[in-house]
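Participant: Sequence plus predicted model, see below.
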Amino acid sequence: MAQIIDGKALAAKLLETTSADVAEIVAGGGTAPGLAVILVGNDPASQVYVGRKISQCRKAGIRSVEHRLDAETPQEDLLALIDTLNADAGVHGILVQLPLPKHIDAALVLDRIDPGKDVDGFHPVNVGRLSTGTGGLVPCTPLGVMLLLDSVIEDYRGLNVVVIGKSNIVGKPVSMLLLEREATVTVTHIETRDLPDVARKADIIVAAAGAPHLVRGYWVKPGAVVIDVGISRVTDFDGTTRLVGDCATHELDHARAVTPVPGGVGPMTIACLLSNTVLAAKRSAKTIA
Ligand SMILES: Nc1nc2c(c(=O)[nH]1)N[C@@H](CN(C=O)c1ccc(C(=O)N[C@@H](CCC(=O)O)C(=O)O)cc1)CN2
């Protein structure tokens, strides 16, 4: 039976450490870290995620300000709000929830965030820093994936990792983090030939394709570690809906360890957002390099 890596438990631990960090900053006379969360439109899943981010901030002692904008908000208004938040010394982290409505150029918006406040790690400066291994803020989901992997793997050197999906949010940054640990990383995507054969050579699979149950049992070599980043809502015959990942976890008994969906990578994303906010606050106060 494969070990189930408990993302909820690991996220709870990280949140405890983050809360303790915040308490220490405040006890030392510093300002509590502040996070601004921008949500444009009414996407139901985004509303849930933003709600969770705000409530976790409250629990950790992070000041959070929510900016809910109408779906029709002009791009210029969103950019102007970011300019205001960039200039606000009480705001240490700025996050624009994705996806954005179609009339808004997401790249332009993300580029407008001060890189030091870019707690999502999506700004080109932070992307560059990650790819050159020179610090910066690291995107939350890839950071969460690494912490989950660190709970079962000590030494990545020479391990074969197959990343499924080449998105800017997960596939590319997680590949950079794994390269830093000297793993041998293969990034695959929709055009990759013989994907099951490629995957079968992996010691670690990071599945981030957003394709329900794409990774079947025969794709996974015995003893491999499988991190399932995908979260899709599927409807059963009787009309009930449920969340499933990119991996057919019920076929992965021969794996060494797997993350569940829900309860794996998802909770880590929010926990890492909070720890990035504290890191950004410490850097702005120059208490950390
Ligand atoms: N600005 C950003 N936008 C988006 C990001 C991001 O990191 N920054 N990631 C995703 C959405 N996301 C956070 O924003 C996110 C997704 C899922 C979860 C989560 O905890 N999932 C649960 C199950 C969810 C449920 O119960 O409905 C789980 O996997 O256990 C947290 C955050 C896209 N947008």
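Facilitator: Cool, the structure landed.

Participant: Only C-alpha atoms from now on, for both contacts and neighbour counts.
Facilitator: Noted.

Participant: Am I right that residue 112 is in contact with residue 79?
Facilitator: Yes. With contacts counted by C-alpha atoms under 8 Å, residue 112 reaches residue 79, the gap being 6.9 Å.

Participant: residues contacting residue 217?
Facilitator: With contact taken as C-alpha atoms under 8 Å, 6 or more residues apart in numbering, residue 217 is in contact with 248-249, 251-252.

Participant: just the strands in the protein please.
Facilitator: Ranges of strands in the chain, per DSSP state E, are 3-4, 34-40, 63-69, 93-96, 160-164, 184-188, 204-207, 225-228, 232-235, 241-244, 257-258.

Participant: Any idea which of these gets closest to residue 138?
Facilitator: strand 93-96 (12.8 Å; C-alpha to C-alpha).

Participant: Quick one: check that closest one for contact with the ligand.
Facilitator: Yes. Against the ligand, strand 93-96 shows contacts by C-alpha under 6 Å from any ligand atom at 95-96.

Participant: which secondary structure elements does that strand contact?
Facilitator: strand 34-40, helix 75-87, helix 265-284 (3 or more C-alpha pairs under 8 Å, 6 or more residues apart in numbering; DSSP states H and E).

Participant: could you give the angle of the longest one to strand 34-40?
Facilitator: Relative orientation of helix 265-284 versus strand 34-40 (axes from the mean of the first three to the mean of the last three C-alpha atoms, to 10 degrees): 130 degrees.

Participant: Show me what helix 265-284 is packed up against.
Facilitator: helix 7-27, strand 34-40, helix 44-60, strand 93-96, helix 140-150.

Participant: from the chain's centre, how far out does that helix sit?
Facilitator: Centroid displacement of helix 265-284 relative to its chain, using C-alpha atoms, centre = their mean, to the nearest Å, is 10 Å.

Participant: So what touches that helix?
Facilitator: So helix 265-284 is contacted by 7-8, 10-12, 14-15, 18, 21-22, 33-35, 52-53, 56-57, 62, 92-93, 116-117, 119-120, 137-138, 140-141, 143-145, 148, 227-229, 259, 288-289 (C-alpha under 8 Å, 6+ apart).

Participant: now could you export just the CA positions of it as CSV?
Facilitator: Only the C-alpha atoms of helix 265-284 are listed here, as CSV (Å, rounded to 0.1, in the frame of the first residue of the first chain):
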residue,chain,number,x,y,z
VAL,A,265,-1.2,19.9,-2.7
GLY,A,266,-4.2,22.3,-2.4
PRO,A,267,-3.9,23.1,1.3
MET,A,268,-0.1,23.6,0.9
THR,A,269,-0.8,26.3,-1.7
ILE,A,270,-2.5,28.5,0.8
ALA,A,271,-0.1,27.7,3.6
CYS,A,272,2.8,28.7,1.4
LEU,A,273,1.1,31.9,0.4
LEU,A,274,1.0,32.9,4.1
SER,A,275,4.7,32.0,4.6
ASN,A,276,5.6,34.0,1.5
THR,A,277,3.7,37.0,2.9
VAL,A,278,5.7,36.8,6.1
LEU,A,279,8.9,36.4,4.1
ALA,A,280,8.1,39.5,2.0
ALA,A,281,7.3,41.5,5.2
LYS,A,282,10.6,40.5,6.8
ARG,A,283,12.5,41.4,3.6
SER,A,284,10.8,44.8,3.5
